[in-house]
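J.: no FASTA, just this:
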């Protein structure tokens with residue numbers, strides 16, 4: 001049943017804007033997956049260079065993933081293990097601005113968590129300036145970060161900002 005109101009007869013209108021989604025809703029966040037407090041899109045079919053991956057995320061109002069905390073890293077790695085994901089993905093990490101100073105391009109903050117695989121970043125052949133997740137130096141090693149040629153074709157993970165919920169109470 002649709003109700004119609006005469007705006008002139010409304011008394012009090014209260015607007016509420018909150019971060020996140022209400023728990024009692026069936027709103028989908030697809031294609032983003034909620035992991036912890038974050039919302040992530042895993043591109044698992046198409047591979048792109050770092051610049052095209054960055055553009056694809058921006059077209060979704062998102063950014064290539066940046067790991068701001070060890071907790072976020074652990075949640076993403078736990079999710080990948082749970083779904084048996086062994087892909088390599090672009091992150092927003094790069095040292096394009098200053099060789100050897102890796103930052104999260106999406107935030108401008110330095111990469112100061114110990115996420116790198118052994119002996120990385122290494123700027124192999126002076127041609128690795130974009131950072132990937134999921135590289136393994138050996139079959140027994142854990143996934144970690146590696147600097148890679150920005151022109152390599154990899155999958156990518158986009159990180160969306162937390163959605164906002166707007167509600168109106170009309171008295």
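T.: The structure has been received and is ready for your questions. On a predicted model such as this, the values are computed, not experimentally measured, just so you know.
J.: any idea which helix or strand comes after the biggest helix by length in the chain?
T.: Ranked by residue count and defined by DSSP state H, the top helix of the chain is helix 70-82. Using DSSP states H and E, the helix or strand that follows helix 70-82 towards the C-terminus is strand 89-94.
J.: work out for me the element the spatially closest residue to residue 166 that is not a sequence neighbour sits within.
T.: Counting by CB to CB, 6 or more residues apart in numbering, residue 166 lies nearest to residue 17, which is 5.1 Å off, once chain neighbours are set aside. Bear in mind the C-beta positions are built from the backbone N, C-alpha and C, glycine included. Element membership for residue 17, per DSSP H and E: strand 13-19.
J.: what do you get for residue 121?
T.: Per DSSP H and E: nothing holds residue 121, as it lies in no helix or strand.
J.: which helix or strand contains the residue nearest to it when sequence neighbours are not counted?
T.: Using CB to CB, 6+ apart and skipping residues adjacent in sequence, the residue nearest residue 121 is residue 147, 3.7 Å away. Assigned by DSSP H and E, residue 147 belongs to strand 144-148.
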